[in-house]
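Asker: What follows is a predicted protein model with its sequence.
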Amino acid sequence: MIYLHKQLHFFIANNFITNHMPQSLETLNSRFGLTNTLFFANHAAGLPVAEIQTPLARAHVALHGAHVLAWQPAGQQPVIWVSQAARYEPGQAVRGGVPVCWPWFGARDGLPAHGFVRTRLWHMRETSLDADGQVRLRLGISDDASTRALWNHAFDLELIVTVGQTLTMALVTRNTGTQAFTLTDALHTYFGVADIAQTTVRGLEGCTYLDKVQNFAECSQTGVVSFSAETDRVYVNTSAECVIDDRAGQRQIHVAKQGSTSTVVWNPWSEREKSIADMAAGEHRRMLCVETCNAGPDKITLAAQGIHTLTARISVA
Ligand SMILES: O=P(O)(O)OC[C@H]1O[C@@H](O)[C@H](O)[C@@H](O)[C@@H]1O
């Protein structure tokens, strides 16, 4: 009996350490580093970042928020945009990269906007180099007393990032509790563009969207999306691939998705940009968010022990 009790105690303590204690740089490098391919370094404020360099691509992934901060396929300009005014601090969301919005997308009275996992430290669970030269990282986070105070559910969440000529991000939600829960989520990807005024987004023609700039008015998209003012739209009931036509940058960025029925398109433009402390003046000209989501009315309900995967696959042509 005492032996069993000790075993159980050991299991619980070990599991808690695996899932909840911060991982030191030394541990990260010895357990998850990949020779000449992936190592961990502390960026500002001591937040560990996986730095990946292969013949196929370069990428940075922070443990803070499981935040993809950079991805640049070989022979291309950087694809992912991060503000020069971004803050890298515990409890803060990074302006740019790919914030993971979960278990809710958008604002919630008295609660953090876009959920609580983008401002927390995740755990590295696995890294590997595939036979085809792609690097795969698996990061995870699960519920604890502080998450249950914000959202009273048991969960396990993983982000699986595959870095190669294509960037694939799969956000896997597991309901580890005994009750169903409902969530909205997003891979809130910030793309770099050479000139927003010459950029369009194809793939949403004919879709219904909720226009946040017009107090969520329901509108219908005519033709491609173009940009000449603040744009903040939740396109609903769409699983379509989007293509960002960055004409001035002479490239097209493809955003394909699975497990997602909404797409958010956001650019704050010049006036709203002024109210965003972690964006530098004029930066709206060089960025665009095309977000792979389940948002607004497109909610996911997961039964006890259920799993849902939201995937975004990004490539450049
Ligand atoms: O400033 P945050 O919380 O990162 O959000 C940025 C933007 O994120 C977008 O997804 C929302 O549609 C916008 O309304 C919001 O302003």
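Answerer: It's in.
Asker: Pull out the buried residues from stretch 21-28.
Answerer: Neighbour-count burial for stretch 21-28 flags Q23, L28 (criterion: 16 or more other C-beta atoms under 10 Å). All C-beta spots, glycine's among them, are computed from the backbone N, C-alpha and C.
Asker: Over to stretch 197-213?
Answerer: Neighbour count says stretch 197-213 has T199, V201, R202, G203, L204, C207, Y209, L210, K212 buried, by 16+ other C-beta under 10 Å.
Asker: how about G192, what does it touch?
Answerer: Applying C-beta atoms under 8 Å, 6 or more residues apart in numbering to G192 gives the contacts Q77, P78, V79, I80, W81, G249, R286, M287.
Asker: Filter the residues you listed down to the buried ones, ChimeraX style.
Answerer: If you want just the buried ones from the contacts of G192 in ChimeraX, going by 16+ other C-beta under 10 Å, the selection is:
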select :79,80,81,249,286,287
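Asker: from the contacts of G192, which are also near the ligand?
Answerer: With the criterion set as C-beta under 6 Å from any ligand atom, no member of the contacts of G192 is near the ligand.
Asker: Reformat the contacts of G192 into CSV and put pLDDT next to each item.
Answerer: Below are the contacts of G192 laid out as CSV (pLDDT from 0 to 100):
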residue, pLDDT
Q77, 97
P78, 98
V79, 98
I80, 98
W81, 98
G249, 98
R286, 98
M287, 98
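Asker: in the stretch 1-150 of the chain, which ranges drop under the pLDDT threshold?
Answerer: In the predicted model, the stretch 1-150 of the chain carries pLDDT under 70 at residues 1-19.
Asker: Close to the ligand: what parts of it are there?
Answerer: A93, A113, H114.
Asker: host element of the residue in the stretch 201-317 of the chain that the ligand sits nearest to?
Answerer: Proximity of the stretch 201-317 of the chain to the ligand (C-beta to the nearest ligand atom) peaks at W266, 4.3 Å away. For W266, the element it lies in under DSSP states H and E is strand 262-267.
Asker: Going by neighbour count, which residues of that strand are buried?
Answerer: S262, T263, V264, V265, W266, N267.
Asker: Would you mind putting those residues into a markdown table with pLDDT alongside?
Answerer: Putting the buried residues of strand 262-267 into a markdown table (pLDDT from 0 to 100) gives the following:
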| residue | pLDDT |
| --- | --- |
| S262 | 98 |
| T263 | 98 |
| V264 | 98 |
| V265 | 99 |
| W266 | 99 |
| N267 | 99 |
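Asker: and of those residues, the nearest to S128?
Answerer: T263 (30.2 Å; C-beta to C-beta).
Asker: Just the pLDDT at the closest residue to the closest one other than its chain neighbours, thanks.
Answerer: Counting by C-beta to C-beta, 6 or more residues apart in numbering, Y235 is the residue found nearest to T263 once chain neighbours are left out, at 4.5 Å. Listed pLDDT for Y235 reads 98.
Asker: Looking at the stretch 51-200 of the chain, which residue is nearest the ligand?
Answerer: A113 (4.0 Å).
Asker: and that residue, what is it in contact with?
Answerer: Taking C-beta under 8 Å, 6+ apart, one finds G106, A107 in contact with A113.
Asker: just checking, it is part of a strand?
Answerer: No. Counting by DSSP: H, G, I helix; E, B strand; the rest coil, A113 falls outside a strand, being coil.
Asker: List phi and psi for it.
Answerer: phi -60, psi 140 (degrees, to the nearest 10).
Asker: got it, and the one 3 residues further on?
Answerer: With angles defined as degrees, to the nearest 10, F116 sits at phi -120, psi 0.
Asker: And stretch 34-50, end to end?
Answerer: For stretch 34-50, the first-to-last residue distance is 10 Å (C-alpha to C-alpha, to the nearest Å).
Asker: no, scratch that, I was asking about stretch 151-165
Answerer: End-to-end distance for stretch 151-165, by C-alpha to C-alpha: 37 Å.
Asker: what distance separates it from the centre of its chain?
Answerer: Centroid displacement of stretch 151-165 relative to its chain, using C-alpha atoms, centre = their mean, to the nearest Å, is 9 Å.
Asker: Only alpha carbons, please: show stretch 81-88 as CSV.
Answerer: C-alpha atoms of stretch 81-88 as CSV (Å, rounded to 0.1, in the frame of the first residue of the first chain):
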residue,chain,number,x,y,z
TRP,A,81,6.1,39.7,-39.8
VAL,A,82,7.0,40.9,-36.3
SER,A,83,6.7,44.5,-35.2
GLN,A,84,9.9,46.4,-34.4
ALA,A,85,8.0,47.6,-31.2
ALA,A,86,7.1,44.0,-30.1
ARG,A,87,7.5,43.3,-26.4
TYR,A,88,8.9,39.9,-25.3
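Asker: Understood, closing this out.
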